[in-house]
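Engineer: Need a 3D model of the sequence below.
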Amino acid sequence: MPSTKAVDLAVHPLTAWQGPLGLPDFARISDGDFAGVFDAALKAHEAEIEAISGNAETPTIENTLGALELAGEALDRVSSIFWCRAGAHTNEAIQALEREISPKMSRHFSAISMNERLFTRIDDLYQRRESLKLDAETLRVLEKTWKSFVRSGAKLDADGKKRLATINEELSSLGTNFGQNVLADERDWALFLDEADLAGLPDFLKSAMAEAAEMRGQKGRYAITLSRSIYEPFTTFSERRDLRETAYRAFTMRGQNGGATDNTQVVRDMLRLRAEKAKLLGYASFAALKLDDTMAKTPKAVHALLDPVWEKALEKAASDQTQLQRLAAEAGSNEKFAAWDWRFYQEKLRAEKFAFDEAELKPYLQL
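Structural biologist: Numbering: from 1, shown residues only. Presented below is the predicted three-dimensional model:
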């Protein structure tokens with residue numbers, strides 16, 4: 001249970017960073033700290049937003065736009081550490097909190113973007129932007145802030161705002177579920193091997209696989225896992241085509257194996273809600289919504305840029321595959337060339353063309 005003791009954001013190591021170079025002191029942070037600090041930081045941010053939106057003075061850059069930009073520092077700090085932990089060093093406690101925090105954060109920021117008093121102040125500055133004689137940077141921040149509020153539902157009616165907030169909360173939870181499902185499949189899958197199965201593997205990979213096996217209670221054996229640090233070099237160096245295929249299929253099927261961690265319905269729900277969100281905000285598609293505030297602006301412009309690149313990439317891939325198939329045939333393989341052969345023969349092609357051996361380079365880049 002998280003502590004009910006009041007959190008002092010001014011001194012807590014999650015928000016008052018006192019490590020080297022002004023970074024967090026991770027040695028003073030535990031998983032049990034996050035829930036209480038998040039609650040305190042959310043309340044602090046709410047109070048800052050209330051002070052800005054409830055200001056009776058005429059909106060200015062300093063008392064509205066600048067204040068909004070500077071608000072929420074404690075929330076930014078605890079969030080940055082938490083999502084770093086969730087992405088790089090997670091556990092069951094962090095994942096449970098992630099499922100709780102994601103919709104809570106969505107509700108928090110929906111309430112800000114749909115705050116009528118706050119948007120009225122932002123809109124006042126935006127409508128007067130030409131007369132304010134702003135520098136280019138400040139003008140850009142004002143324009144982007146105004147646009148962000150509009151794209152987040154500030155101009156919707158009450159029912160529209162309520163529905164958009166619900167959609168955002170559901171999408172946030174679905175996004176968390178999607179990532180955790182993939183991570184669960186990656187974490188839970190392992191294929192244990194013996195010394196006779198390691199043909200072609202360099203020492204650095206054998207060492208990593210031995211450590212992975214020992215961590216899973218199989219000391220003296222070797223484990224293929226779906227972490228990229230093992231999966232990618234294994235499919236690059238292993239001479240066992242059958243094992244490369246097994247690893248490849250497991251890697252590409254993460255989140256698609258049925259059961260509790262299957263993402264099929266999650267993806268369907270995300271697509272449905274994204275389409276509804278775009279329509280609610282007046283866009284033809286979710287792609288149009290996402291691109292509206294970018295340099296490309298429209299899906300059509302993105303395709304105009306990427307399609308010619310894609311065609312060239314296909315030509316290059318086809319050319320590479322011809323070379324890789326040649327190497328496979330020269331090695332005596334009679335099997336049809338498949339996806340799990342790609343990395344293996346690509347490494348051999350690099351060695352043939354450039355005398356490059358990743359295994360020899362690896363010891364120089366240990367960190």
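Engineer: Near Asp123, how many other residues are there?
Structural biologist: 17 (other CB atoms under 10 Å). Where C-beta positions appear, they are placed from N, C-alpha and C, glycine not excepted.
Engineer: Please report how far it lies from Lys144.
Structural biologist: Distance of Asp123 to Lys144, computed by CB to CB, to the nearest Å: 14 Å.
Engineer: quick one: the strands in the stretch 101-250 of the chain?
Structural biologist: Taking DSSP state E, counting those that start in this stretch as the test, the strands found in the stretch 101-250 of the chain are 190-193, 222-225.
Engineer: Wait, Leu174 touches Arg272, no?
Structural biologist: No: between Leu174 and Arg272 there is no contact under CB atoms under 8 Å: 10.1 Å.
Engineer: Looking at these two, which is more packed in?
Structural biologist: Leu174 (21 against 12).
Engineer: ok, that one - contacts?
Structural biologist: 266, 269-270, 273 (CB atoms under 8 Å, 6 or more residues apart in numbering).
Engineer: And the pLDDT at the closest residue to it other than its chain neighbours?
Structural biologist: In space, and not counting its chain neighbours, Leu174 is closest to Met270: 5.0 Å by CB to CB, 6 or more residues apart in numbering. What the model reports as pLDDT for Met270 is 98.
Engineer: so Met270 makes contact with Leu171?
Structural biologist: Yes: the pair Met270 / Leu171 is scored as a contact, 6.4 Å apart, by CB under 8 Å.
Engineer: what about Phe237, neighbour count?
Structural biologist: 20.
Engineer: Identify the residues contacting it.
Structural biologist: Neighbours of Phe237 in contact, by CB under 8 Å, 6+ apart: 200-202, 205, 344, 347, 359.
Engineer: how deep is Val302 tucked in, by neighbour count?
Structural biologist: 14.
Engineer: who touches it in this structure?
Structural biologist: 287, 291, 296.
Engineer: what's the spacing between the closest residue in space to Glu335 that isn't next to it in sequence and Asn334?
Structural biologist: Distances taken as CB to CB, 6+ apart put Arg241 closest to Glu335, at 6.9 Å, once the chain neighbours are dropped. Taking CB to CB as the measure, Arg241 falls 11 Å from Asn334.
Engineer: Neighbour count: the two, which is higher?
Structural biologist: Set Arg241 next to Asn334 and count neighbours by other CB under 10 Å: Arg241 wins out with 15 against 6.
Engineer: mind checking how far the lowest-mean-pLDDT helix or strand in the chain is from the chain centre?
Structural biologist: Least confident helix or strand of the chain, by mean pLDDT, DSSP states H and E, is helix 358-361 with a mean of 76. Per CA atoms, centre = their mean, to the nearest Å, the displacement of helix 358-361 from the mean C-alpha position of its chain is 30 Å.
Engineer: quick one: contacts of it?
Structural biologist: 202, 204, 233, 236-237, 347, 350.
Engineer: give me the number of residues near the nearest residue to Gln180 once chain neighbours are set aside?
Structural biologist: Using CB to CB, 6+ apart and skipping residues adjacent in sequence, the residue nearest Gln180 is Gln95, 5.6 Å away. Neighbour count of Gln95, defined by other CB under 10 Å: 16.
Engineer: so which strand or helix has Gln95?
Structural biologist: Using DSSP states H and E, Gln95 maps to helix 92-113.
Engineer: What is that helix packed up against?
Structural biologist: helix 34-53, helix 73-88, helix 158-188 (3 or more CB pairs under 8 Å, 6 or more residues apart in numbering; DSSP states H and E).
Engineer: now the ones you listed as JSON lines including mean pLDDT?
Structural biologist: Listed next are the helices and strands packed on helix 92-113 as JSON lines, based on pLDDT from 0 to 100:
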{"stretch": "helix 34-53", "mean pLDDT": "97"}
{"stretch": "helix 73-88", "mean pLDDT": "95"}
{"stretch": "helix 158-188", "mean pLDDT": "96"}
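Engineer: one step back: same list, the contacts of helix 358-361, but as a markdown table with pLDDT and distance to Leu9 please.
Structural biologist: Converted to a markdown table, those look like this (pLDDT from 0 to 100; distance: CB to CB, whole Å):
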| residue | pLDDT | distance to Leu9 |
| --- | --- | --- |
| Pro202 | 92 | 48 |
| Phe204 | 91 | 44 |
| Pro233 | 95 | 44 |
| Thr236 | 96 | 47 |
| Phe237 | 95 | 50 |
| Glu347 | 91 | 51 |
| Arg350 | 89 | 52 |
